[in-house]
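Novice: Sequence and predicted model, in that order:
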There are 2 protein chains.
Amino acid sequence: MKIIDIKENSIKLNLSLSNSMFSFKEMTTSIVKVDIDDGNKVHTGYAFNSTGRYACGDPMRKRFIPRLLNANDDMLLDSDGEIDTKKALQVMLVGEKPGGDMERSVPIGTIETALWDALAKSKNLPLYQLLANKFPTYNSTDRMFCYVGGGYYDVGKTIEDLKDEIKKNFDNGYRLMKIKIGGAPIKEDVSRVVAAIEAAGSPDRVALDANGGLSENNYLEYAEELKGFGLNWFEEPTHPSNFTKYNEFINTYEGAVAGGENLYSIYDFINLINYGGFRIGKDLLQIDIPQSYGISYFNEALIELKKLNWDVNRIMPHGGNQMSLHIACGFGLSMCEAYPNVFGVFSGYDDDYKLDDGYLKLSERPGIGFEGQNDLYELFKKIS
Amino acid sequence: MKIIDIKENSIKLNLSLSNSMFSFKEMTTSIVKVDIDDGNKVHTGYAFNSTGRYACGDPMRKRFIPRLLNANDDMLLDSDGEIDTKKALQVMLVGEKPGGDMERSVPIGTIETALWDALAKSKNLPLYQLLANKFPTYNSTDRMFCYVGGGYYDVGKTIEDLKDEIKKNFDNGYRLMKIKIGGAPIKEDVSRVVAAIEAAGSPDRVALDANGGLSENNYLEYAEELKGFGLNWFEEPTHPSNFTKYNEFINTYEGAVAGGENLYSIYDFINLINYGGFRIGKDLLQIDIPQSYGISYFNEALIELKKLNWDVNRIMPHGGNQMSLHIACGFGLSMCEAYPNVFGVFSGYDDDYKLDDGYLKLSERPGIGFEGQNDLYELFKKIS
């Protein structure tokens, strides 16, 4: 088995979207194609670098792709002569100074995820099934609970509009919705949460996401005001690396907190738990796997997290897309996110996906199954 | 005043150098040129992205340079109509998601440092003097203590060779030398340290640098073996973000520890102190300022660190170059590093620099004074 070609193109997202912290106006993403030859046939894998981090084709072409294409068999293959993704990761890391991970974890992870897509296709298996075979200690599944993200702020958007948005999502089969918080005066924000709970039916069907945007003056007021509500979780009350503020928020808020989508190494995940005050069995770690060195690195992270008694059922992937969904199913993670129609062709799942009482069943398409997402697949097919 | 042009070129370092953790074989660096017009004249500033992190012209050209060149006067100028570097930083940060800093802190900081070079030239002041004027609360100086780095491992290099290397550096005026540790069996490494102390004359004239490379099995053995030696500091005993291991090492070693060159945000600096066990008034924080968003961000960092009672005399810049030297002098930092002949044209100071009992006196050339480093300046002049 060998890697014969890797190509990247940069795509502009053209989104008008913004949250309390930043705008997606200029955002780009890398789409990647990896061709592998298994001796009988060439298989093509695809991936993209999720959302929120810019396209990264330049470091791919200058460092990571040539290292992979120049690696000899010993450096890349396992004892069965198949490509070992863990070895591929090590090959890409040669010549990289430790620390400052995101600059390399996003391009490396995107290539690594595309490699998994190709490998699963060479086995004619959906990715979650290949993951279940490779990592049998986890409780893999073909059916995943998916929450829906939304509840953005918008000019002229009323509380009634928010309730309608939530009801529409529940009509479409979702059973948990995450809405934005921290972008309006606190009194109005609390009214939005009260309305969201009413529309959803119960507080555990609502989660909040501050995107790290609560101010220095009011983050503990938010914690105090919302602590008794019984919401499913409160996400990123503070800057992703402000462990002191995470601690203070958690101590006041008491309910479940979530974070981690802007951390990119095992050390950072562990620090969030050890020093950010994240509580075992209660808080939620959210990891963007293709942006954090990819799937084999994620397995290493799970092993390290297990040593802290942090279980997969308190981990969910960041990124509401088909890659995250397969990874969540393969490793039996807590749940997956969905952002229908928010991030253009990069959000969502199969074109014909349908929620069943909050759950989504994976198709049996080989690999990640991007071939079931027509608009996205059209982009992938044009990578050159 | 306005920014009229910013250009970047990538330069291959062509170094055969390696430490216990990684090789510089493929390493590149970005050299940057910023032209500003102060109404009377165009002034050109230069900078480069130090060492250990790859060239980053692609994100400069796609995000940071166009944001600066498209900014209007209100977004860039202070009340005197001059370019405000703090505002320039904010302009470059528009559209950037918090966290994962290194991918942007290196390109942004390099551009910002070049901007300072141009600004100092427009005032006809050496950079340290402009810094002293802009940030008058610090004890600026035109004379800085510089230690010398070296003591690399090499095939066939004996302990006598190491002693000769140290003596030569002391003959050249240095009074403190940092050598590598962790790349040989521990017994041999301890002998190297004993020999280094003998050659240097006393233990406080020797520092050690493990580049994060001590193994899981022996890092506490290193701490135990070397704790009583009275060395000036022990640098990066562990991975830059492994706070738990930093704590354990510090508790066993007891002597002064240094770290931080692979951290890129104020939150990370603070976390190293709060959670890595760094001790106020004892340990040393090493910040690569042009790689960490630049000089105005460094001033913000100093303000936050001061709140933790962390003083400038326990901070030194990473990167033995003319940029770090001016910044160290402008802010009155503890000392500066020097790597004569190690990183090619990017290491070292003025071509005619001379140590005087460990101290280096800055020339009065306007700006950073790269014009006194002939080979480097030749590269800068060709940026197109």
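Specialist: Looks like it came in fine. Numbers count the residues shown, from 1 in each chain, chains lettered A, B, ... in the order given.
Novice: so where is chain A shaky, pLDDT-wise?
Specialist: The model of chain A has pLDDT under 70 over residues A:16-23.
Novice: all helices for it, in order.
Specialist: A:57-59, A:65-70, A:73-76, A:85-93, A:102-122, A:127-134, A:159-171, A:186-200, A:219-226, A:243-253, A:266-274, A:295-307, A:322-331, A:374-381 (DSSP state H).
Novice: nearest to residue B:240, of these?
Specialist: Counting by CB to CB, residue B:240 lies closest to helix A:266-274 out of the helices of chain A; the figure is 8.1 Å. (Each C-beta comes from the backbone N, C-alpha and C, glycine too.)
Novice: The residue in the stretch 251-384 of chain A positioned nearest to chain B: neighbouring residues, count only.
Specialist: At 2.9 Å from chain B, residue A:262 is the closest residue in the stretch 251-384 of chain A, using CB to the nearest CB. By other CB atoms under 10 Å in any protein chain shown, 24 other residues sit near residue A:262.
Novice: Can you get me a residue count around the nearest residue to it once chain neighbours are set aside?
Specialist: Excluding the flanking residues, the one nearest residue A:262 by CB to CB, 6 or more residues apart in numbering or on different chains is residue B:99, at 2.9 Å. Residues lying near residue B:99 (other CB under 10 Å) number 23.
Novice: Would you agree residue B:99 is in contact with residue A:265?
Specialist: No. Applying CB atoms under 8 Å, one finds residue B:99 not in contact with residue A:265, separated by 11.7 Å.
Novice: Show me which residues of the stretch 101-250 of chain A are close to chain B?
Specialist: Residues of the stretch 101-250 of chain A lying close to chain B (CB under 8 Å from any CB of the partner chain) are A:101, A:102, A:103, A:106, A:212, A:239, A:240, A:241, A:242, A:243, A:244.
Novice: how much space between the residue lying closest to residue A:356 once chain neighbours are set aside and residue A:340?
Specialist: Spatially, and ignoring its direct neighbours in sequence, residue A:356 is nearest to residue A:173 (6.1 Å; CB to CB, 6+ apart). Distance of residue A:173 to residue A:340, computed by CB to CB, to the nearest Å: 11 Å.
Novice: go on, residue A:44?
Specialist: Distance from residue A:44 to residue A:340, by CB to CB: 27 Å.
Novice: just to revisit the earlier point, need the max-distance pair from the residues of the stretch 101-250 of chain A next to chain B.
Specialist: Every pair of these checked by CB to CB; the farthest is A:106 and A:244, at 26.8 Å.
Novice: ok, those two, which is more surrounded?
Specialist: Taking neighbours as other CB under 10 Å, residue A:106 and residue A:244 compare with residue A:106 leading, 30 against 17.
Novice: from memory that one sits against residue A:55, does it?
Specialist: No. Using CB under 8 Å, residue A:106 is not in contact with residue A:55; the gap is 9.3 Å.
Novice: which residues do the two both contact?
Specialist: A:30, A:49 (CB atoms under 8 Å, 6 or more residues apart in numbering or on different chains).
Novice: Who are the contact partners of the residue most central in space within chain A?
Specialist: Most central in chain A under CA atoms, centre = their mean is residue A:318, positioned 2.2 Å from the mean C-alpha point. For residue A:318, the contacting residues are A:50, A:260, A:261, A:286, A:287, A:288, A:291, A:324, A:337, by CB under 8 Å, 6+ apart.
Novice: how about 7 Å then?
Specialist: By CB atoms under 7 Å, 6 or more residues apart in numbering or on different chains, residue A:318 lies in contact with A:261, A:286, A:287, A:288.
Novice: Rebuild these as TSV, extending it with neighbour count.
Specialist: As requested, the contacts of residue A:318 are arranged in TSV below (neighbours: other CB atoms under 10 Å in any protein chain shown):
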residue	neighbour count
A:261	29
A:286	22
A:287	26
A:288	26
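Novice: out of those residues, which one sits closest to residue B:196?
Specialist: Nearest to residue B:196 among these, counting by CB to CB, is residue A:287 at 43.1 Å.
Novice: Name the nearest residue to that closest one, ignoring sequence neighbours.
Specialist: That would be residue A:260: by CB to CB, 6+ apart, it lies 5.6 Å from residue A:287.
Novice: Can you give me the domain boundaries for chain A?
Specialist: Here the domain parsing of chain A from automatic domain parsing is A:2-125, A:134-367.
Novice: Between the ones you listed, which one is closest to residue B:187.
Specialist: In terms of CB to CB, the element of those nearest to residue B:187 is domain A:2-125, at 25.8 Å.
Novice: gap between the two ends of that closest one?
Specialist: With CA to CA, to the nearest Å as the measure, the ends of domain A:2-125 fall 19 Å from one another.
Novice: Likewise for stretch A:324-341?
Specialist: This stretch, stretch A:324-341, spans 17 Å end to end (CA to CA).
Novice: Please identify the residues of the stretch 251-384 of chain A in proximity to chain B?
Specialist: When proximity is defined by CB under 7 Å from any CB of the partner chain, the stretch 251-384 of chain A lies next to chain B at A:262, A:263, A:264, A:265, A:267, A:268, A:271, A:274, A:275.
Novice: TSV for these, including distance to residue B:297?
Specialist: As requested, those are arranged in TSV below (distance: CB to CB, whole Å):
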residue	distance to residue B:297
A:262	18
A:263	20
A:264	20
A:265	22
A:267	23
A:268	20
A:271	22
A:274	27
A:275	23
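Novice: That'll do, ta.
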